[in-house]
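# Provided below are the primary sequence and the corresponding predicted coordinates.
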Amino acid sequence: MSENRAIVAMLRKPREKFWRLRLGELKKLAFAAGYEVLGEVIQIKEAPKAATLFGRGKIEEMTKLMDELKVDTLIVYNVLKSIQKVNLELLTGRRVIDRYDLTLEIFAKNASDAVSKLQIELARIQREIPYVKLLTSLIHIKDRPFIRAGGEYGWKPKIAELRRRMKKLKEEIARYREEKLRQIMERKEKGFKVVCIVGYYNAGKTTLFNALTGCEKPVSDMPFTTLSSKYAKLRGAEKILLVDTIGFVVDLDPRIIKSFEINIDDMRFSDALMLLLDASDPAELFKIKVETSLNILKNVGALVNGKPIVIGLNKVDLVSDRIDIESKKIIAKEIVEKVLKRDPGSIVELSAKERRGLDNLIEKLISVLKV
Ligand SMILES: Nc1nc2c(ncn2[C@@H]2O[C@H](COP(=O)(O)OP(=O)(O)O)[C@@H](O)[C@H]2O)c(=O)[nH]1
Ligand SMILES: [Mg+2]
């Protein structure tokens, strides 16, 4: 059986909206993590089963499908509790991962710098501890006659080791964070203004960053190509720095956001945000992205004290219909008004790839920063 053959499964409520879209995004993540998704199973249910998420019949159906398709990984859209994960693994005989694990797998694949690696390891350990605890306690029940042979005590050192490692990682990350904050303060003291480019993956943030700074950071349509943040001077402006950082994904788990605190600091301590949107997204997805981006930014404290936010509608080269572009501008404007209770001003149309609309954007950035 190939390691990378998978099916996806989702539990959704009867009247859940946009589930097809969300499942589609999960499949894109799976693809980015290196999986071949060969099938899907959906259960429509008001409330999940506490112990297994899915019902028995559905689990049998999944197992049968995985046998037929020779699949050994079950990717679950819903974020699983440890008990649900363990039970699904026992019942299906497959490796089971959820949306959270999947995101971490992509991070791990793409992390090249030390601090991203540390942050990922921490997130993984935080996930692993309750799982290992539960798993070993189950084994311990099953092997009751052997408790004395190390069953009971066997897992305790493992958990202790994970806890020690977790403590060490937290300390190391804190040191990086301190250093990072020191650099941020130093830039401020030197009179630099910082614009942080934010938005979903694939919006074109890195392409725009490269076009505006002359850098050559790698660009791709895969999520989380950019993990570490990079600062560079905006061309034509001596005192403005741009920072390109990690992108959002649909249904991003708050714990993942938390584990990328260092990147979030770039958003928090910037003088303005540049929210980049993809004009070629279908309207419903576009809406979800604008709304969640703003909510994440608000929740992490990146939009306090009336910090200016410039909204860029990128990839207009892909949209030939003028009405489509205008309607997306209206959607974005309405959502900003609803979520932030303020007027975003004019929304800048651009094509980072074809370098259209960039002068207009630079002008707008300079004007909101009042430099
Ligand atoms: N057609 C078109 N493609 C773009 C544009 N900007 C970026 N892209 C493409 O979109 C994909 C994602 O770009 P990237 O800059 O890595 O996005 P990021 O994830 O937001 O950093 C790449 O394949 C880019 O070539 C644009 O203005 N027009
Ligand atoms: Mg990028």
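Done, it's in. Ligands and ions are numbered 1, 2, ... in the order given.
# in the stretch 101-250 of the chain, which spans are helices?
With helices called from DSSP state H, counting those that start in this stretch, the stretch 101-250 of the chain shows them at 114-142, 151-189, 205-213.
# comparing those, which comes out most buried?
Most buried of those, by mean neighbour count (mean count of other CB atoms under 10 Å): helix 205-213, with a mean of 23. For the C-beta atoms, the positions are set from N, CA and C on the backbone; glycine is no exception.
# about what we covered before: of all the helices of the stretch 101-250 of the chain, which one comes closest to ligand 2?
helix 205-213 (3.4 Å; CB to the ion).
# tell me what that closest one is packed against?
Applying 3 or more CB pairs under 8 Å, 6 or more residues apart in numbering; DSSP states H and E, one finds that helix 205-213 makes contact with strand 193-198, strand 230-233, strand 240-244, strand 272-278, helix 358-369.
# contacting residues around R342?
G306, V336 (CB atoms under 8 Å, 6 or more residues apart in numbering).
# look up how far P308 lies from it.
Noted for R342: a distance of 10 Å to P308, by CB to CB, to the nearest Å.
# same thing with K188?
K188 sits at a distance of 16 Å from P308 (criterion: CB to CB).
# and L102, how many residues sit next to it?
L102 has 23 neighbouring residues, counting by other CB atoms under 10 Å.
# okay, now the unreliable bits of this protein?
Scanning the chain for pLDDT under 70 picks out 1-3, 139-155.
# per the annotation, how does it divide into domains?
Listed by automatic domain parsing, the domain ranges of the chain are 5-106, 111-172, 191-369.
# measure A50 to R15 for me?
22 Å.
# with adjacent residues omitted, what lies nearest to the closest residue to ligand 2 within the stretch 1-150 of the chain?
At 10.3 Å from ligand 2, N110 is the closest residue in the stretch 1-150 of the chain, using CB to the ion. Using CB to CB, 6 or more residues apart in numbering and skipping the chain neighbours, the partner closest in space to N110 is F224 (5.1 Å).
# now swap in E121 and tell me
Using CB to CB, 6+ apart, the closest residue to E121 is L169 (5.8 Å).
# next up, the contacts around that neighbour.
L118, E121, L122, I125.
# let's have those residues in a markdown table, adding distance to ligand 1.
Formatted as a markdown table, the contacts of L169 follow (distance: CB to the nearest ligand atom, whole Å):
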| residue | distance to ligand 1 |
| --- | --- |
| L118 | 22 |
| E121 | 23 |
| L122 | 23 |
| I125 | 27 |
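# now tabulate those residues in JSON lines and tack on distance to V368.
Formatted as JSON lines, the contacts of L169 follow (distance: CB to CB, whole Å):
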{"residue": "L118", "distance to V368": "34"}
{"residue": "E121", "distance to V368": "38"}
{"residue": "L122", "distance to V368": "35"}
{"residue": "I125", "distance to V368": "41"}
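# L234: which of these is nearest?
Lowest distance from L234 to these (CB to CB) belongs to L118, with 30.0 Å.
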